[in-house]
Each structure stands twice: as structure tokens, then as C-alpha cells.
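Participant: below is the sequence, then the predicted model.
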Amino acid sequence: MYIFGYLRASTKEQDAKRAQDSLKSFAEDKGVRIAGWYIENVSGASLQRPELMRLLQDAEKGDAIIIEQVDRLSRLNDEDWETLKALINKKQLKVISLDLPTSHTALMKHHNDDFTSAMFRAINNMMLDMLAAIARKDYQDRRRRQVQGIERAKVEGFYRG
């Protein structure tokens, strides 16, 4: 199993590499190495992410993607999240997120039995779905508040555009 680091920030002004040291330290603590890095500055609300697509193309069956938080992978709407999950599941990729402790079991060399493996897979898939939905809601809430702030600034004559 190869592990690929995925780092993302929403804009060019943000530092997509910000979490790289945290991911490296986590991997070292678990006794594994990150085989390659895929880094981009594109909104997580868009599926049009060249580096993520390149990672998914480069990965082989059973490899893993390591991320800082689920929102680095997805702030997608339901339809796009299902598309991304299908691409991940097609190659049976494991997603390891520092903020999702149950996903860390993907680094275990062997699970005790098929039942345990199936249970962890089900739990992780459910948690990924929940955290992706929360990330999308956070994105939508922030956008709504931003529009409200702009409208208020316009009314009060402070908006500069």
C-alpha cells in the first residue's frame, strides 16, 4: 500500500502546504511513509481539481490518501461527493484523515478478521459521509454570512466592491 498526501487550500493566497509537516509527523508516528504529495489551491466545493484527479489516477487498488481534515477532500454538494466517493471506491482507496481517528486503522498491517475489517470500513464510510456533509454546510453558511455582510456594508456605505 502506498500512501499519498493530499493538501488543498481554497485560494492562491492561502498556503496549501500548511499541514504538510503535521501529515509527515503523523505518518512517522505510525511507522509509515508518504510516497508522494498532491498539492493544489482550488476550492473544495469544486470537483474540478487537477491534482486530486491526478492522485486518483496514479493510485493503485488498496492505496491510501492522507489528509488533514475531511474538508480538505470535500466541501462538495451531494451529487459531486457521490461522484468523488465512486472514484475512491473504484480503486478501493483508504482515506486517512487526521481528524477522524477511526480512519487511522487503515494503517494497521492486518485486521483480526474479515468482520472487523468490514465494520471499520462501514464506520469510516459513514463518518466520511457525515463529515463531508458538515463541511458542505459550513461552506454554505460562510457564503451566506458573507453575502449578508456585503449587503449590510452596501446599505451602510462601507462596501468598496
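Facilitator: Done, it's in. None of these values were measured; they are calculated from a predicted model.

Participant: need the strands for this structure, in chain order.
Facilitator: Assigned by DSSP state E, the chain shows strands spanning 3-9, 36-41, 64-67, 94-97.

Participant: wait, which of these is closest to residue 155?
Facilitator: Residue 155 sits nearest to strand 3-9 of all the strands of the chain, at 32.0 Å, using C-beta to C-beta. Every C-beta, even on glycine, is put in place using the N, C-alpha and C of the backbone.

Participant: ok, residues contacting that closest one?
Facilitator: The contact list for strand 3-9 (C-beta atoms under 8 Å, 6 or more residues apart in numbering) reads 15-20, 23-24, 27, 32-42, 44, 49, 51-52, 55, 58-59, 63-68, 72-73, 96.

Participant: and it with strand 36-41, angle?
Facilitator: Strand 3-9 runs at 10 degrees relative to strand 36-41, counting by axes from the mean of the first three to the mean of the last three C-alpha atoms, to 10 degrees.

Participant: centre of the chain to strand 3-9, how far?
Facilitator: 8 Å (C-alpha atoms, centre = their mean, to the nearest Å).

Participant: among the strands of the chain, which comes closest to residue 146?
Facilitator: Between the strands of the chain, strand 3-9 lies closest to residue 146; by C-beta to C-beta that is 17.5 Å.

Participant: related to what we said a few turns ago, what subset of the contacts of strand 3-9 is buried?
Facilitator: 16, 19-20, 23, 27, 32, 34, 37-38, 40-42, 44, 49, 51-52, 55, 59, 63-68, 72-73, 96 (16 or more other C-beta atoms under 10 Å).

Participant: my read: residue 17 touches residue 39, true?
Facilitator: Yes. Residue 17 is within contact range of residue 39, at 6.1 Å (criterion: C-beta atoms under 8 Å).

Participant: I am finished for the moment; much appreciated.
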